[in-house]
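Visitor: would you be able to build a 3D model of this:
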Amino acid sequence: EMNELGIFAENAHRWSPKEVLIVGDRYSGKAKKHQDLSLWGELEELHFEKISNTTIGDELTSFFPSIDESSSLRAVTLRADDLVALLDRAHLPALREINVWILDTRQARELAERPELEKIETLRLAFRCKEERELNEIPYGPTLGTIIPASDEAAEVFFARARLSALRHLELFGKSSEAYWERKGPGPRTIDALLRSEALASIRHLSLDHMPLGDAGLKNLLKALPDSLRSLELIDLFAKDETALALAESPVTPNLERLLLEGNLIGSKGFEALAAVSFTRLRELDISGPTCQPYYFRFSEQPVGDEGLAAWIGSSAMSTLKALSMAGARLTDKGLSALADCEDLRLERLDFAHNQATAEGLKALVKSGLWTTLRELSFRDCLLDDAAIGALTEVAYAPHLRKIDLSHNTIGAAGAKSLAAWSVLS
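Guide: Numbering: from 1, shown residues only. So this is what the prediction gives:
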């Protein structure tokens, strides 16, 4: 990953990266000076910035790598107009993954009409069409956000024309707002356009991220999920209990292997309904709240609560889960104790960050069989004190544990001494 592409360009003759190069040059346009490097034609993957970065707007600079002949490139991340220009110029028979920023309807149309899309298996689209208004007031509470009509129009044009018969992996991104509570980008019209297209016919993974949809915008989608779906991510969409209830009723849900619902406002009622689903292969579940910075006030949480988590204890999903994330979900010692009582739990990754825990909850967890399989554990920003750390270090055997995050707590000298003497850390 190169934020200073100039340094890389000067030393490119010494290196021969074949797989991935991420170029970080969001605004300055300095990367354009190095578009003619012969190296670009030798790569298997080239990513100009990260498509999942929801802070990037329509000011993203253009970058057009000079590839004149047949290339082994199989994955690329570019602005839509740069990608179209690249496809005009180069022969890319191995291309199976494209990640693009679409800035207007023209770009959406030109990309959709490319015949190369018929072979694409992974598609990520970040809509960054120009807004028609500026944000005048910053909301002081969770809101749906701002739907950008130009982004909806671009999405309608794209999905009406694109031929995506080989598609298996689809991700759509909106944009995080200047206001903490908001998201902005394409709205329900984009979902309706997606449903009218062939894009979902054989899809196995679907992700919607930072889009102002809410329960109403997701309603039709959840009724039409394809039987082939195995992974579903609904991230920061202002979804509430109604979405969880609809998801619980979908015949596709029991077959999911991954279900990520982070950053929403689903409460205990919704998660209790999901816990009643007869999952047969669920391996990863994320019910976390929005990402938060511990240095500042915790603006929002996903109101799962100890009651919502307790409903999952004893559910069919707990015996197959390998990763459970519930950061910022309004959990306490009661939730930790419920986890400790779950005999079927064989987690490899547990994220309890941005909740509240004391020595009492940690003592309960220490006695569980969870430690025989756990590889990663996070108690980041959980108000842990020395007594809680002392309880945690009573764990005598955790053979697979490789990562533990205890940052942003109140660990003093006594807690530090307990950690220093903890045999598990060796």
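Visitor: in the stretch 1-150 of the chain, which spans are helices?
Guide: Using DSSP state H, counting those that start in this stretch, the helices assigned to the stretch 1-150 of the chain run over residues 5-11, 80-89, 105-112, 149-161.
Visitor: compare these and give me the one nearest R375.
Guide: helix 5-11 (33.5 Å; C-beta to C-beta). Just so you know, the C-beta spots here come from the backbone N, C-alpha and C atoms, and that holds for glycine as well.
Visitor: picking that back up, can you lay out the helices of the stretch 1-150 of the chain as a markdown table showing distance to E121, mean pLDDT and mean neighbour count?
Guide: As requested, the helices of the stretch 1-150 of the chain are exported to a markdown table (distance: least, C-beta to C-beta, whole Å; pLDDT from 0 to 100; neighbours: other C-beta atoms under 10 Å):
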| stretch | distance to E121 | mean pLDDT | mean neighbour count |
| --- | --- | --- | --- |
| helix 5-11 | 29 | 69 | 14 |
| helix 80-89 | 16 | 92 | 19 |
| helix 105-112 | 16 | 97 | 20 |
| helix 149-161 | 17 | 97 | 21 |
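Visitor: tabulate those helices (a markdown table), appending distance to K240.
Guide: Converted to a markdown table, these look like this (distance: least, C-beta to C-beta, whole Å):
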| stretch | distance to K240 |
| --- | --- |
| helix 5-11 | 43 |
| helix 80-89 | 33 |
| helix 105-112 | 30 |
| helix 149-161 | 22 |
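Visitor: do you know which of these lies nearest S316?
Guide: Judged by C-beta to C-beta, the one of the helices of the stretch 1-150 of the chain that comes nearest to S316 is helix 149-161, at 35.3 Å.
Visitor: per-residue confidence averaged over the next helix or strand after the closest one?
Guide: Downstream of helix 149-161, the next assigned helix or strand under DSSP states H and E is strand 169-173. Averaged across strand 169-173, the pLDDT comes to 98.
Visitor: now do stretch 264-281
Guide: 94.
Visitor: and it, which residues are buried?
Guide: 264-275, 277, 279 (16 or more other C-beta atoms under 10 Å).
Visitor: now the two most distant members of those.
Guide: Longest span within the buried residues of stretch 264-281, C-beta to C-beta: L265 and F279, 22.7 Å.
Visitor: looking at the helices of the stretch 1-150 of the chain, which is closest to K119?
Guide: Of all the helices of the stretch 1-150 of the chain, it is helix 80-89 that lies closest to K119, at 11.8 Å by C-beta to C-beta.
Visitor: can you tell me what sits against that closest one?
Guide: 48, 62-65, 67-68, 76, 78, 92, 98, 100-103, 107-108, 110-111, 114, 116 (C-beta atoms under 8 Å, 6 or more residues apart in numbering).
Visitor: mind doing that once more with 6 Å?
Guide: S62, F64, V100, I102, Q107, E110, L111, R114, E116 (C-beta atoms under 6 Å, 6 or more residues apart in numbering).
Visitor: hmm, back to that, show me the buried residues of stretch 264-281 that map onto helices.
Guide: Among those, the members falling in helices (DSSP state H) are S268, K269, G270, F271, E272, A273, L274, A275.
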